[in-house]
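**Q** Sequence and computational prediction follow.
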Amino acid sequence: MTTLLYSHPACIEHDPGAYHPERPDRLRAVMAGLEDEAFQHLSRLEAPIVDLADVKRAHDAGYVDMIMDNVPTHGQVRLDPDTVMSEGSGEAAKRASGAAVAAVDAVINGDAKNAFCAVRPPGHHAESSKAMGFCLFNSAAVAAIHAQAKHGLKRVCVIDFDVHHGNGTQHTFEHIEGLFYASSHQWPAYPGTGAARETGEFANICNVPLAPGTGSDGFRAAYIDTVLPAIRSFAPELLIISAGFDAHKNDPLAQLELETQDYRWVTDQLLDLADDVCDGRAISLLEGGYDLDALRDSTVEHVKSLMEH
């Protein structure tokens with residue numbers, strides 16, 4: 001079976017403004033990297049518009065309505081110091097979550113072995129009723145809860161290797177049995193959540209905070225010693241990857257000092273695990289990554305791994 005690539009030009013139209021780190025050129029860089037001949041066999045699909053009922057399973061209904069009602073017709077609306085909407089943000093957010101839901105459906109129905117969603121804005125900081133950290137809708141959480149609600153899955157895991165802790169995903173999952181969230185992230189760093197002691201009501205949260213300067217060896221050891229065993233013990237029926245590439249040594253927003261090949265390694269490890277516990281069913285969603293060259297090159301390695309598994 002093939003690897004699916006979901007994206008849409010509308011995701012470039014979300015414009016938080018000049019000099020904002022989460023800029024449209026991020027997605028342009030990712031898509032340029034995936035134009036290489038090595039990716040000729042990717043099955044490329046347009047990210048659909050999500051049914052907002054799916055989003056409202058992961059977010060308060062009033063919050064979702066507030067976001068859509070406040071998309072500006074011109075200019076920008078600032079939701080917090082970091083999170084901005086432009087006139088293209090509403091469609092972009094709906095297509096980002098739509099890609100995640102469509103990817104879940106395709107993989108669970110056996111139409112593809114896995115999928116990568118090259119979309120923006122990112123999602124993992126979005127709380128159930130609050131936009132923050134560049135994020136509007138938490139597409140990973142939307143996808144996980146959709147997998148349970150539509151397909152009857154009992155155990156779904158989100159693994160998040162973005163350099164920043166996915167506070168929104170954790171807070172959505174921590175009181176829901178059957179949802180598991182694992183995160184490796186720099187500590188201390190934004191948003192200030194993600195201590196190892198935060199384990200969830202059902203022991204369904206696994207946080208592995210990493211000190212600035214940890215580098216490749218420490219990152220890989222964290223996965224071998226803690227993250228991978230925790231996911232294996234949970235035995236998910238679907239693995240969702242929050243794929244942020246901002247732990248790269250060239251990224252301007254953090255200092256974990258990873259190499260490009262670390263993203264190939266961690267993706268290989270996660271997909272090997274998925275092969276063992278959930279018949280290889282995995283979807284990946286673009287989260288952070290703010291050095292354009294590092295983002296492009298790391299995504300290339302990530303998607304190569306998806307295609308070769």
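**A** Sure, I can see it.
**Q** the longest strand in this structure is where?
**A** Among the segments of the chain that qualify as a strand by DSSP state E, the longest is strand 179-186.
**Q** tell me which strands and helices it is in contact with?
**A** If you count contacts as 3 or more Cβ pairs under 8 Å, 6 or more residues apart in numbering; DSSP states H and E, strand 179-186 packs onto helix 139-151, strand 156-160, helix 167-173, strand 205-210, helix 228-234. C-beta coordinates here come from the backbone N, C-alpha and C atoms, glycine included.
**Q** Which stretch among those is buried most, on average?
**A** By mean neighbour count, with neighbours taken as mean count of other Cβ atoms under 10 Å, strand 156-160 ranks first of the helices and strands packed on strand 179-186 at a mean of 29.
**Q** Who are the contact partners of the residue nearest to the spatial centre of the chain?
**A** Central residue check for the chain by Cα atoms, centre = their mean: the C-alpha nearest the mean position is that of residue 242, 2.6 Å away. Taking Cβ atoms under 8 Å, 6 or more residues apart in numbering, we find residue 242 in contact with 123-124, 140, 158-162, 166, 169, 285, 287.
**Q** quick one: which of those is nearest to residue 133?
**A** residue 124 (7.9 Å; Cβ to Cβ).
**Q** Next, the closest one: secondary structure please.
**A** Secondary structure for residue 124, judged by DSSP: H, G, I helix; E, B strand; the rest coil, is coil.
**Q** Kindly confirm my reading that the residue nearest to the centre of the chain is in a strand.
**A** Yes: using three-state DSSP, the assignment for residue 242 is a strand.
**Q** Tell me what the closest residue to it other than its chain neighbours is bridged to.
**A** The shortest distance from residue 242 to any residue other than its chain neighbours is 3.8 Å, reached at residue 160 (Cβ to Cβ, 6 or more residues apart in numbering). Legend: beta-bridge partners of residue 160 under DSSP bridges are residue 183, residue 242.
**Q** would you turn the helices and strands packed on strand 179-186 into a markdown table with mean pLDDT and distance to residue 262?
**A** Compiled in a markdown table, those are given as follows (pLDDT from 0 to 100; distance: least, Cβ to Cβ, whole Å):
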| stretch | mean pLDDT | distance to residue 262 |
| --- | --- | --- |
| helix 139-151 | 98 | 21 |
| strand 156-160 | 99 | 14 |
| helix 167-173 | 98 | 21 |
| strand 205-210 | 98 | 12 |
| helix 228-234 | 98 | 14 |
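**Q** Mind putting the ones you listed into a markdown table with distance to residue 28?
**A** Rendered in a markdown table, the data for the helices and strands packed on strand 179-186 read as follows (distance: least, Cβ to Cβ, whole Å):
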| stretch | distance to residue 28 |
| --- | --- |
| helix 139-151 | 20 |
| strand 156-160 | 24 |
| helix 167-173 | 26 |
| strand 205-210 | 30 |
| helix 228-234 | 32 |
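**Q** So which of those is nearest residue 77?
**A** Judged by Cβ to Cβ, the one of these that comes nearest to residue 77 is helix 167-173, at 19.6 Å.
**Q** Could you export the closest one as CSV, keeping only the C-alpha atoms?
**A** Coordinates of each C-alpha in helix 167-173 appear next as CSV, following Å, rounded to 0.1, in the frame of the first residue of the first chain:
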residue,chain,number,x,y,z
ASN,A,167,-0.1,21.2,26.3
GLY,A,168,-3.4,21.1,24.4
THR,A,169,-3.1,17.5,23.4
GLN,A,170,-2.2,16.5,27.0
HIS,A,171,-5.0,18.4,28.6
THR,A,172,-7.5,17.0,26.1
PHE,A,173,-6.3,13.4,26.7
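**Q** mind checking pLDDT for residue 1?
**A** Looking at residue 1, its pLDDT is 78.
**Q** Could you pull up the contacting residues of the residue nearest to it when sequence neighbours are not counted?
**A** The shortest distance from residue 1 to any residue other than its chain neighbours is 4.1 Å, reached at residue 113 (Cβ to Cβ, 6+ apart). With contacts taken as Cβ under 8 Å, 6+ apart, residue 113 has the following neighbours: 1-3, 107, 280-281, 309.
**Q** and the nearest residue to residue 235 once chain neighbours are set aside, how far is that from residue 16?
**A** Using Cβ to Cβ, 6+ apart and skipping residues adjacent in sequence, the residue nearest residue 235 is residue 277, 5.0 Å away. According to Cβ to Cβ, to the nearest Å, residue 277 and residue 16 sit 38 Å apart.
**Q** Okay, now the unreliable bits of the stretch 1-150 of the chain?
**A** By pLDDT under 70, the stretch 1-150 of the chain has no low-scoring segment.
**Q** Between the two ends of stretch 130-137, what distance do you get?
**A** Across stretch 130-137, the straight-line distance between its terminal residues is 9 Å, by Cα to Cα, to the nearest Å.
**Q** Apologies, that question was intended for stretch 33-46.
**A** Start and end residues of stretch 33-46 are separated by 18 Å (Cα to Cα).
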